[in-house]
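Colleague: Here's my sequence, what's the structure:
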Amino acid sequence: MVQKIVHDWATGKIYPHFQFVFSFKFRDLNTLNCSINLSNLIVVFYPYLRNALDYIWKNPERLLFIFDGLDEFKSKIDFADNCTEQQHKCPDPDVRCKVSDIVYSLIQHKLLPGCSVLNLQPSQFLSGFLMELLEREDSVRSVVYTFPHLTIQEFVAALAQFLTVAPRNIVKLLSEAHSATDGRFEVFLRFVAGLSSPRSARVLEEFLGPFPNETTCRVIDWVKEEIKRQAGNTWSEFGKRSLLNTLHYLFESQNPALAQQTLGSVETLSFRGLGLTPIDCAVLSHVIRWRFGLLHGTVISRIGECQIPRARRSNPASGLVEPLRLLMLPTSFSRDYEFPM
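Modeller: Modelled structure (predicted):
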């Protein structure tokens, strides 16, 4: 990831405002057991810049320092403002101190105020390629990176849940988000459910490492319990909307087996009084297919503008093919929807 950042910067794709980018691996910094100043540290890893340091230090706002592998660093760095006085002793690039003090002083802007620092570790969601999704906003006092689109922010927030080593509160977090009546967390929850799919996670795991199996299992279990709970609570509009949203999570998980487990005993999915969008109908179509294990030979009937499968299934006991009454749809999206299962 660090190599990609540096390469894209060098080729002018990202961060054109930075004149110099210095990349360090904490694994390499562990070999420096003596006190050192920042100037000498640069010379150790970038010896060809020895004679240019005075020029480089004149414009700290044009500098980006990347420290990779924070979890591998043997020394402790206290990033809090109230840390020990020992980590306040690097106000100048020529002052000798511990490597941990240099890193701390750069981050706290006690050394080279105005420079930017990026610490990377496996559990940090602002890692590598995700930095390209951020926009830089400069002000007189600080530099802030923001997301150009809310959807990207929701995705990164969901991804962060899978990059946490001990996701003890993931179920509580999901339940609280799902209980919001204004739907502000729906996109986030759909992303979380989608990332529980091995197929979806596989591509990201190539860059970020394997997702904790504990997190994936807890997300799947949460979706399963929510579907069971919501399926019998459709007497109110809020209950129907909650069930529909939960079925969206099921769809994003791409888990047919989970659909059969959770909806196997459900006789009717009722959305009477809700206005279903084409996307809602597509989700219901897939969920119903999974519920009955319909993989081949399913006939899609177009009713109004909503595509929901009409299908037949075989009865193992009689050897006959029985019709499945999966839908009763009007021609308008704003009326009654009830799906006998």
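Colleague: just the strands in the stretch 1-150 of the chain please.
Modeller: 20-25, 63-68, 116-120, 135-138, 143-146 (DSSP state E, counting those that start in this stretch).
Colleague: Can you list the buried residues in the lengthiest helix in the chain?
Modeller: Counting by DSSP state H, the longest helix found in the chain is helix 213-231. Neighbour-count burial for helix 213-231 flags Thr215, Thr216, Arg218, Val219, Ile220, Trp222, Val223, Lys224, Glu226, Ile227, Gln230, Ala231 (criterion: 16 or more other Cβ atoms under 10 Å). Every residue, glycine included, has its C-beta placed from N, CA and C.
Colleague: Nearest spatial neighbour of the third one, chain-adjacent residues omitted?
Modeller: Think Arg218. Ile170 (5.2 Å; Cβ to Cβ, 6 or more residues apart in numbering).
Colleague: quick one, what contacts the one you found?
Modeller: Gln161, Thr164, Thr215, Arg218, Val219, Trp222 (Cβ atoms under 8 Å, 6 or more residues apart in numbering).
Colleague: ok, now with 10 Å
Modeller: If a contact means Cβ atoms under 10 Å, 6 or more residues apart in numbering, then Ile170 has Gln161, Phe162, Thr164, Val192, Pro212, Glu214, Thr215, Arg218, Val219, Trp222 as its contacts.
Colleague: what's the closest of the residues you listed to Ile77?
Modeller: Thr164 (19.8 Å; Cβ to Cβ).
Colleague: And the chain, what are its domain boundaries?
Modeller: 2-127, 149-264, 267-341 (automatic domain parsing).
Colleague: rank these by pLDDT, which is bottom?
Modeller: Looking at the domains of the chain, the lowest mean pLDDT belongs to domain 267-341 (a mean of 55).
Colleague: and the host helix or strand of Leu189, what does it pack onto?
Modeller: Counting by DSSP states H and E, the element that carries Leu189 is helix 186-195. If you count contacts as 3 or more Cβ pairs under 10 Å, 6 or more residues apart in numbering; DSSP states H and E, helix 186-195 packs onto helix 150-161, helix 170-178, helix 198-208, helix 213-231, helix 237-253.
Colleague: Comparing the ones you listed, which comes out most buried?
Modeller: helix 237-253 (a mean of 20; mean count of other Cβ atoms under 10 Å).
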